[in-house]
Structure formats: C-alpha cells, structure tokens
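S.K.: Structure for the following, please:
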Amino acid sequence: MKELILPRPNPKQELFLRDRHRYIAFGGARGGGKSWAVRVKAVLLAFRYPGIKIMIVRKTYPELRANHITPMRTMLGDSAVYRDTTKEFIFPNSSVIMFRHCQNDSDMDKYQGTETDVLFIDEATQFTEEQFMKFKACVRGVNSFPKRVYLTCNPGGVGHTFIKRLFVDRAYNLSERAEDYSFIRSLVTDNSALLESDPDYVEQLKALPPKLKKAWLEGDWNVFEGQFFEEFKNDPSHYSDRRFTHVIEPFEVPESWNIVRSFDFGFAKPFSCDWWAVDYDGRAYLILQLYGCTGAPNEGVKWHPDKIFCEIARLEAEHRWLRGKRITGVADPSIWDRSRGDAIIDFADRHGIYFEKGDNKRISGWMQCHYRLSFDGSGMPMVYFFNTCRAAIRTLPLLSFSDANPEDLDTSQEDHFADSFRYFCMSRPIAPKKTAAPLPEPDDPLELNKKRYDRFSY
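M.R.: Below you'll find the model as predicted:
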C-alpha cells in the first residue's frame, strides 16, 4: 500500500478538518473547496478509527460519482478497495465509506435501518428538513466512534430556511443545543487552489445577476432567487432616519396610537401573535410579538391553546405599551372551526381575548403587504418592524414563491408571521403609493441576525 500524501488544506478547510462539534456546516458560497474537505475528512476518519462506518450523501448518484467516488479512487489508489455493487470503499482496518443518494422522498425508504457513525451531507440545502432529519437518525451505534454530521451548503435551495436557522441565525428549538452546532464560512477567495487553476472563476461569479452574485460570491444568506418579499430591507445604517429600511430601534409608543393584534394559529405548527401600533398617518409599527410552537415535529415544547391565550392576556395586562388600551383583534378564520373539537377561538374567549375574522383572500392580501412594504417617494414605507420582533425579521425574507401558483407564496415554509401580517394588512387596506428608487447597496453590508435568540420573542 502506497503512502497517502494529501495537499495542505487552506485555513478554512483546516478549521473544518479539526472541528469536533456534533453538527458542522462548511461553505456559504460557491467555490469554497467543500467537496475536497469532505473527501479528505472522510478518509482521515476511516484511517484513524478502525471499523468506523461513514456515509456520504448527495442528491443524485452522478453527482456522487463525479464529486466524490472518482476523485477518491484516484486519491486512495490501493489503500482501499472500492465495491461498485454496494457503492462502498472498504479499508484494510475494516472501516467503510458508503455513498448514498436521495433524489426524492421515496428514496428515503431505502435507508430505514441504516446505521452510520459519521454522516456527510454534501450540498445540504438541496434536501428538505424532513429528509435531513431522517438521514440524521441514521447516526447511531453502540461504540466509541465519534458521532458527527458534516454538511456543506450554499445559500438557496429547498433546505435554505432550516440550514440558515441552525447555522447562520443560530435560532434553536428547545430540543436543540447551541453548543452542538458550528458554521465555518468559506468563500471562493479562501480557495487558493481554485483561484490558481481557474483565475476567471471569480469574474464569472461577479457577472451573475445581483441576487445570485450576493449569494454565490459573497455568501449572503439573506438574499436568494424566488424571494417573495424582495422589497424587505433591514439596514441598520438607516435606523435613525428610517429611510429604505423596515427594521428600526424600538421607541415609546404614544398613548393615543391605536393598537391592533393579529393572530395566526398553526395546527402542529408555530403560532404568531403580533401587536401593531398605528400612527395618525396609518403607518403601522410591529411593536411586540409572541411566537411559538403548538406541537410541530422535532420541537422541544408545545404551547396548548389555553397557554397561548393566557400569555397573551398577561402581556396585555402588564406591558406598558398594551396595558389599559382598547385592542382590536383580527385572526385566521380557521380558529372558529369546530370540526376538530373545541374551536381555538373558545380558548381565546375564556381569557377575554377577542378577535374578528380576518379576510383570508391570499393574493389581494399579499398585495396589501407589498403596498405597505413599498417605499414612497422619500424612501419611507407604510410598515416598520421593531428589531426586537426577531421571528418576523427572520422568517419574512426567507419566503419564496409557490411553484403551483406564481402569485402566491409556498405554504410549506415558515409562513405563520406572514399570514398574521396579511390579516393585519387586510384589516386596514391602503392604496399603492409612488415608489422611490432604492439607495445603492453599501460596500460592506452588515451581516444580520447572527445572535442566538429564543424561540419565543417578546
């Protein structure tokens, strides 16, 4: 067996190779040297731990062959035997590297009962969160081998939202531990080997349309193709003048402003209760938010409807912006549904929390949201969000269009605040205004939402 000689990793690849967290994500932009890092880390683990089982997953088999199997056969030579029938490398010390693909949900059935010690999911944003959870369940075994999940990823794709939540926003459910997760951001400029072999690659990325360029060259997780609320802006440099930004610092809400409470209830999904202050010009400010889970899979806590409205009643009795105010409520019409037993509205009534049925027209509702988000001739929108309302700020820019109905958004996403926002907008419809040209993008935009925050924000 010949000696295995590996090239020296770049600094970001070395961080990836040395990282020992339970869940490690690597990448964030195109050309960061992710596939090489996966191959090398898998081989190093196979040599280091005799008998270990390692699985590398990619969307399709041709991608696995081109990105991993063929280069790894060249790398290993006679140091390991590749079995094409089982798609596995077998090492002399009995370690195994398996290659698996999952092009659709039906492929997941093939992996029931599969056990692995270490899992690599290459291009993880190509997988849904449900597929990720099923693959993650394969990482088990009664032995002393490390149990880790490595992911490589770029912004965009069906898994963008959950990958961003876990590794970029670091917004965890109560069943998840922040100390288990690590994100190593790698850009094409970190990959000196690629820059030397293909010096024009960066120029190719620079020539992309603006959104793709920001995602694939700059690794910006807040911008991606298909964004439903493309006009949403969170620019801290304009918090003070409030121009061309929707997110601002909180201020004391005047006593005379009207307060509107909007509510979206999710059956086995998160709920969103949102309080809006409306000024004399009809401009709305999201000042407070209660956001939580009613029992979605993999969540660490379930909020029974009685608990939700108990907490809403407490906030309205105690919070200085709400206490003593006459609050108008508007909610998802489905909470009046009694086909599943007690209606959700019955729980609200018991706590003295009253709502009117929201107008549930989706397309006209989204248009009202767009009208409020649009900037007028002076760069002022008709809606602002206090930066303490973190679930709203996190989820709104992630929503994308529906493939089935291009005028609607994709309802499989975390759209609960968006629905609450829509009910509010339809309760106070406005006419579209003449919009202003946006300010130029700053040269070094501030990266947002990096601090860990609780699932419930208010």
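S.K.: In this protein, what residue spans correspond to helices?
M.R.: 11-18, 34-48, 61-64, 70-76, 129-136, 160-163, 192-197, 201-206, 210-216, 305-318, 344-350, 362-373, 390-395, 416-427 (DSSP state H).
S.K.: quick check, distance from the last one to the centre of its chain.
M.R.: Its chain's C-alpha centre lies 21 Å from the corresponding centre of helix 416-427 when counted by Cα atoms, centre = their mean, to the nearest Å.
S.K.: quick one: contacts of that helix?
M.R.: Helix 416-427 has contacts (Cβ atoms under 8 Å, 6 or more residues apart in numbering) with 229, 260, 262-264, 266, 269-274, 276, 284, 289, 291, 328, 330-332, 356, 358-362, 364-366, 368-369, 371-372, 391-392, 395-396, 399, 409. Yep, even glycine has a C-beta here, placed from its N, CA and C like the rest.
S.K.: Go ahead and flag the most central residue of the chain.
M.R.: The centre of the chain sits closest to Thr161, judged by Cα atoms, centre = their mean, with a distance of 2.4 Å.
S.K.: Now do that one, the pLDDT please.
M.R.: Note on Thr161: pLDDT of 83.
S.K.: mind checking how far it is from Leu44?
M.R.: Distance of Thr161 to Leu44, computed by Cβ to Cβ, to the nearest Å: 32 Å.
S.K.: what do you get for Cys138?
M.R.: Taking Cβ to Cβ, one finds Cys138 at 21 Å from Leu44.
S.K.: One more: Trp221?
M.R.: Counting by Cβ to Cβ - Trp221 and Leu44 are separated by 29 Å.
S.K.: who's more crowded, those two?
M.R.: Between Trp221 and Leu44, counted using other Cβ atoms under 10 Å, Trp221 has the larger neighbour count: 28 against 13.
S.K.: ok, that one - contacts?
M.R.: Contact analysis of Trp221 by Cβ under 8 Å, 6+ apart lists Gly28, Pro155, His160, Lys164, Val168, Ala215.
S.K.: residue contacts, the spatially closest residue to the first one that is not a sequence neighbour?
M.R.: In space, not counting the residues next to it along the chain, Gly28 is nearest to Gly219; the distance is 3.6 Å by Cβ to Cβ, 6 or more residues apart in numbering. Residues counted as contacts of Gly219 (Cβ under 8 Å, 6+ apart) are Gly27, Gly28, Ala29, Asn154, Pro155, Arg185, Leu187.
S.K.: Looking at those residues, which is nearest Met72?
M.R.: Closest approach between those and Met72, by Cβ to Cβ: Gly27, at 19.1 Å.
S.K.: tally of neighbours for the closest one?
M.R.: Counted with other Cβ under 10 Å, Gly27 comes out at 30.
S.K.: Can you check the pLDDT for it?
M.R.: So Gly27 comes in at 86 (pLDDT).
S.K.: Next: Leu6.
M.R.: Value listed for Leu6 in the pLDDT field: 79.
S.K.: Phi first, then psi, for it.
M.R.: Backbone geometry at Leu6, expressed as degrees, to the nearest 10, gives phi -110, psi 140.
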